[in-house]
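> What follows is a predicted structure for the sequence shown.
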Amino acid sequence: MIVRRVVIHFVCLMCLSSLFLVSSAAGAMSIDSFTPVSGTNTGQVTITITGSGFQSEIIDQILLNQSITNRIPCSSFSIHSDTQLSVTFDIAQQEVGSYQIWMKTRSLATYVSQVPFKIMYPVSPKVTAITPDSGQVNEQPFSCTVTGSGFTFDSLVELVHESGTIYQASTVVHNGDSLSASFSVDTEHGGVYRVQVVNGDGQVSSELVYFTTIGIPPVVTGVQPEIGLTSDENIEVTVTGSGFLDGCVLHLRDPESGEIVVSSGPTGVNEGGNSVQGIFDLSGLSVGDYVVRVVNPDGQSNAEDVVFSISHPVPVVISVNPDSGLTSEESVEVTITGSGFLDGCVLHLRDPESGEIVVTSGPTGVNEGGTSVCGSFDLSGVTVGDYIVRVVNPDGQSNVEDVVFSINHPAPVVISVNPDSGLTSEESVEVTVTGSGFLDGCVLHLRDPDSGEIVVTSGPTVVNEEGNSVCGSFDLSGVTVGDYIVRVVNPDGQSNVEDVVFSINHPAPVVISVNPDSGLTSEESVEVTVTGSGFLDGCVLHLRDPESGEIVVTSGPTVVTEEGNSVCGSFDLSGVTAGNYVVRVVNPDDQSNVEDVVFSISHPVPVVISVNPDSGLTSEENVEVTVTGSGFLDGCVLHLRDPESGEIVVTTGPTVITEEGTSVRGSFDLTGVIAGEYNLYVENPNGVLSFDTVIFRIQSPPNPSYEITIHSGNGGKTEPHGIVIVSESSDLSIRSTPCAGYTVKNVYLDSIPQGPVPVFTLPDIRSKHYVFVEFSQIIPVPTPIPTIIPVPPPTPDPVFYSISVSSDYGSMITPNGTITVPKGSLIPFQMTTLTDFHIVHLLVDTIPVHVHNSWILNPVTRDHEIHLVSDRNISPNWANFSLFLPEGNETRNISIISESYPDATWEFWDFGDGVTAYGNPINHTYQSAGNFSITRKVVFQNSSSQCRREIRI
């Protein structure tokens, strides 16, 4: 019966539910929200619900529905409006969880909230500790006790990984304020997990309590490479073993100092975790053995002492300076460049054949970067040859590069050679060369610096014990003449560099005779033949005045016989000083004979052809005559010789001859000389008289006569008229005849009035005179009539004009400035210029006038402005300049020396480094070294000049 009733109840409820679903879907009532949304199961809770249609139907009941078996009816409810009501539930001791709010109406409709109302425990869980708080991942599951408060019978324990993964305990045993839990994590790696407790009502603990899982520690079995250098800034190593985790770090630990080097950058772990790669920066580390440590993200590291060694790099030698030395040097300081040099290193020079080693004498000096080391070697007595340079560091490491340092004998030095010359005719000339560094077996060379021709000693040389003198012989026959450089070539191929000269010459010429042995100064081509020996083709013949040193050279080429014992040549003796000259034959090598064979040069005999004038008067004190002919010499004298009496008249004063000696001019004083025909001679200063003579006639003077000039004015005539010649002491009468209506007004004798004399007589005439007769018209005198003398018009004031005169720089005009001149004046101007300037034109009131050196302003009728325009001659030299660069490279300053020009329009400088300037700078500073082109440009009115110079800073 009870079972049947239950079944009936169930069937009824199913029917009601069907009705509710239908009514709920059709009704207008709805639940939108409510507050509060939760409550604790310790008493009553009043919920305020908002929605719609609360008054549209009659509400019979409001429930909290969790399941068909767990429904909590309300204690009461109150509808406040169609959109709000409040309902009270007693939820004390009710089961925690989520409940939907149901509202049932009288029409059997049920309205359900979309959001559940939660019934919760009155307290939330709190975790204070977990014991133990860690465990090895290979010892799972972990059994732990979680202590705290607020735990409920349905509490769960969870481990939350930092990645968000949650691991729930498989079993939980409740012990009041503690929970015993067992759980596992699905990883072999260690990690940190937050412990949280979740109660059945969903409340979760928030305390930060952690459980740590410890992974398996890494194991290191090897490292590759096993060695690194302190110069390695980025060395990659691979560590092998097991248990390496992503994010692990590699350490190199010094077991003595505890110094740790950590890998720079992330590491790379392979999939199996048995290999990890990392990079170390070893620069600046102490050398030694370091223990390799792999530290996993969980802090675990290996315990195996696998060693990684850090060493200095092997030294590397690039070069040595100097790269050679001499066996005579007791202290040669060398500088070796390269890398990896350490303080205290030693320098070796090793003979690769014998193994002989030369070690630095004294400590070495290494620079801070270890790229350069200095040391000194004592090379005295060391075997010559090529040695390998070795730098041996204190750790025993040394370079392997075969950089060579050569040890040589010192090069020979030549100071002098004796004798220092020889002749091409000598077959064996023994010379002694002095200097130093000569070795047994050396050879003597004579080297032509132009052609490179070398003459080698014929036979062995002899070197003295000290090596500072060597003797040898040369065969100079057939060798080209010239200056040769003496070279001593040692058996090791070294030779001196000093240019000590040994001269090889032809033998000097010898003169025995000359034919002809004389000539005249009038001869333009005298061919002579000189006999002797040693004459060379191209030789020149000289005639040398032993007193004055004057030399006459052959005009044209000479001809030498095949044997060189005769030479022919021509001399131009015209104009040569007469005297005895020494014959010199000068060969092309400038050698000449020393024998004083004489050639005499004489003046030719003077020849007289004519004389002008060819006569003179005994009354003349100074009769100048010109004699033509030839052979006249400066200082010659003219003679007039009476062939009957032998009387000689000589020129008074010096004579003057023409440059060619074909004409001579002189003066004779003929007063008191007997008239007659005289022979004219020319006597040269050397006492030689002319052969030919001409006749010069000396005559007595005739009676003197005088010119009387007679002129007359208008209105009459004179008799005689014009020029009349009269004898000395005679008289002359001059008759003046006036025309009709005229009368003689006055007679003038030499401009002196003599009165109105119709007949004027000149008595005892002893000089020439000028007579002028003036006539005047006879005008009848009328009866005087009183007249009024008119007042003359006033003289106008004179008119003056202003002339402004100026000139450009480089020229001058005179007169200049502002001048005042009368109207109608004629003003001449003179113009000059400075050197390197020229006149362009003259501006007269802005109108250009082309002028040379003078110009006349004629006439002056107004004010004027006159300006002389000049310009500098075009030349590239105006922009010239010079530079002064101080010695040494500690400065980049240069000094500039240049000339400035007042007439320059502008001056521009370009220093080639991007810097330009105007004007006249005196210095410039360059900011960097290099090659630069400096350009200067000077611009004038109508021209410009530019200069460029190259400079290296």
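Thanks, I have it. Numbers count the residues shown, from 1 in each chain.

> any idea where the strands of the stretch 851-953 of the chain begin and end?
854-857, 864-872, 881-884, 893-898, 906-910, 916-918, 923-925, 931-939, 944-952 (DSSP state E, counting those that start in this stretch).

> so which of the ones you listed comes closest to residue 127?
For residue 127, the closest of the strands of the stretch 851-953 of the chain is strand 923-925, at 80.3 Å, according to C-beta to C-beta. For glycine as for every other residue, the C-beta is placed from the backbone atoms N, C-alpha and C.

> Can you pull out the low-pLDDT segments for the stretch 701-850 of the chain?
780-795 (pLDDT under 70).

> As a check, name the ranges of all strands in it.
Going by DSSP E, counting those that start in this stretch, the stretch 701-850 of the chain shows strands at 705-712, 716-719, 722-727, 732-738, 742-749, 752-753, 759-762, 769-777, 800-807, 811-814, 817-822, 827-833, 837-844, 847-849.

> Please name whichever of those strands is nearest to residue 294.
Using C-beta to C-beta, these put strand 837-844 closest to residue 294, at 95.4 Å.

> relative orientation of the closest one and strand 864-872 in degrees?
Angle of strand 837-844 versus strand 864-872, following axes from the mean of the first three to the mean of the last three C-alpha atoms, to 10 degrees, is 160 degrees.

> packing partners for strand 837-844?
Packing partners of strand 837-844 (3 or more C-beta pairs under 8 Å, 6 or more residues apart in numbering; DSSP states H and E): strand 811-814, strand 827-833, strand 847-849, strand 864-872.

> Could you rerun that using 10 Å?
Helices and strands touching strand 837-844, as assessed by 3 or more C-beta pairs under 10 Å, 6 or more residues apart in numbering; DSSP states H and E, comprise strand 800-807, strand 811-814, strand 827-833, strand 847-849, strand 854-857, strand 864-872.

> what's the neighbour count on the residue lying closest to residue 630 once chain neighbours are set aside?
Take residue 630 and drop its neighbours on the chain: the residue closest to it by C-beta to C-beta, 6 or more residues apart in numbering is residue 607, 4.8 Å away. Neighbour count for residue 607, taken as other C-beta atoms under 10 Å: 15.

> what's the answer for residue 653, then?
Residue 653, neighbours per other C-beta under 10 Å, totals 11.

> Quick check: closest non-adjacent residue to it.
According to C-beta to C-beta, 6+ apart, the nearest residue to residue 653 is residue 667 (5.8 Å).

> for the stretch 251-400 of the chain, what spans make up the strands?
260-262, 268-269, 275-280, 288-295, 307-311, 316-321, 324-326, 332-339, 346-350, 357-359, 365-366, 372-377, 385-392.

> May I have the strands that pair with the third one, each with its orientation?
Under the criterion DSSP bridges, strand 275-280 sits next to strand 235-242 (antiparallel), strand 268-269 (antiparallel) in its sheet.

> nearest to residue 750, of those?
Per C-beta to C-beta, nearest to residue 750 of the strands paired with strand 275-280: strand 235-242, 136.2 Å.

> got the angle for the closest one vs strand 288-295?
Using the same axes, to 10 degrees, strand 235-242 lies at 60 degrees relative to strand 288-295.

> rewinding a little: export the strands of the stretch 701-850 of the chain as TSV, with columns for mean neighbour count and distance to residue 375.
Below are the strands of the stretch 701-850 of the chain laid out as TSV (neighbours: other C-beta atoms under 10 Å; distance: least, C-beta to C-beta, whole Å):
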stretch	mean neighbour count	distance to residue 375
strand 705-712	16	120
strand 716-719	16	132
strand 722-727	12	122
strand 732-738	17	131
strand 742-749	17	125
strand 752-753	10	124
strand 759-762	15	129
strand 769-777	18	121
strand 800-807	16	78
strand 811-814	16	75
strand 817-822	12	85
strand 827-833	16	74
strand 837-844	16	70
strand 847-849	10	84
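
> which SS class is the residue nearest to residue 653?
strand (DSSP: H, G, I helix; E, B strand; the rest coil).

> In contact with it: list those residues for me.
By C-beta atoms under 10 Å, 6 or more residues apart in numbering, residue 667 lies in contact with 620, 621, 622, 623, 624, 625, 638, 651, 652, 653, 654, 655.

> how about a cut-off of 6 Å?
Residue 667 is in contact with 622, 624, 652, 653, counting by C-beta atoms under 6 Å, 6 or more residues apart in numbering.

> And residue 100, by the same measure?
Here residue 100 is in contact with 65, 112, 113, 116 (C-beta under 6 Å, 6+ apart).

> Just checking: what are the partner strands of the helix or strand where residue 664 lies?
If you go by DSSP states H and E, residue 664 is part of strand 663-668. Paired with strand 663-668 in the same sheet, following DSSP bridges, are strand 623-630 (antiparallel), strand 656-657 (antiparallel).

> next helix or strand past that strand?
strand 676-683.

> what angle sits between that next one and strand 663-668?
Going by the same axes, to 10 degrees, strand 676-683 makes 130 degrees with strand 663-668.

> Can you name the next helix or strand after strand 676-683?
Immediately after strand 676-683, counting by DSSP H and E, sits strand 694-699.

> Give me the angle between that next one and strand 676-683.
Using the same axes, to 10 degrees: strand 694-699 against strand 676-683 is 140 degrees.

> which other helices and strands contact strand 694-699?
Other elements packing on strand 694-699 under the criterion 3 or more C-beta pairs under 6 Å, 6 or more residues apart in numbering; DSSP states H and E are strand 607-612, strand 615-617, strand 676-683.

> okay if I get those strands as CSV plus distance to residue 811 and mean pLDDT?
As requested, the helices and strands packed on strand 694-699 are exported to CSV (distance: least, C-beta to C-beta, whole Å; pLDDT from 0 to 100):
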stretch, distance to residue 811, mean pLDDT
strand 607-612, 50, 91
strand 615-617, 56, 90
strand 676-683, 55, 90
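
> could you dump the contacts of residue 100 to a markdown table with secondary structure and neighbour count?
A markdown table is the format used below for the contacts of residue 100 (DSSP: H, G, I helix; E, B strand; the rest coil; neighbours: other C-beta atoms under 10 Å):
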| residue | secondary structure | neighbour count |
| --- | --- | --- |
| 65 | strand | 18 |
| 112 | strand | 15 |
| 113 | coil | 22 |
| 116 | coil | 17 |
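
> I'd like those as CSV, with pLDDT and distance to residue 246 appended.
Shown next, in CSV, are these (pLDDT from 0 to 100; distance: C-beta to C-beta, whole Å):
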residue, pLDDT, distance to residue 246
65, 95, 52
112, 94, 52
113, 93, 50
116, 95, 44
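
> Distance to residue 933, mean pLDDT and mean neighbour count added to the strands of the stretch 251-400 of the chain, as JSON lines?
Formatted as JSON lines, those follow (distance: least, C-beta to C-beta, whole Å; pLDDT from 0 to 100; neighbours: other C-beta atoms under 10 Å):
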{"stretch": "strand 260-262", "distance to residue 933": "56", "mean pLDDT": "86", "mean neighbour count": "15"}
{"stretch": "strand 268-269", "distance to residue 933": "59", "mean pLDDT": "94", "mean neighbour count": "18"}
{"stretch": "strand 275-280", "distance to residue 933": "52", "mean pLDDT": "95", "mean neighbour count": "20"}
{"stretch": "strand 288-295", "distance to residue 933": "60", "mean pLDDT": "93", "mean neighbour count": "21"}
{"stretch": "strand 307-311", "distance to residue 933": "54", "mean pLDDT": "92", "mean neighbour count": "18"}
{"stretch": "strand 316-321", "distance to residue 933": "34", "mean pLDDT": "95", "mean neighbour count": "16"}
{"stretch": "strand 324-326", "distance to residue 933": "40", "mean pLDDT": "90", "mean neighbour count": "19"}
{"stretch": "strand 332-339", "distance to residue 933": "35", "mean pLDDT": "94", "mean neighbour count": "18"}
{"stretch": "strand 346-350", "distance to residue 933": "46", "mean pLDDT": "93", "mean neighbour count": "21"}
{"stretch": "strand 357-359", "distance to residue 933": "51", "mean pLDDT": "88", "mean neighbour count": "15"}
{"stretch": "strand 365-366", "distance to residue 933": "43", "mean pLDDT": "94", "mean neighbour count": "16"}
{"stretch": "strand 372-377", "distance to residue 933": "37", "mean pLDDT": "95", "mean neighbour count": "20"}
{"stretch": "strand 385-392", "distance to residue 933": "44", "mean pLDDT": "93", "mean neighbour count": "21"}
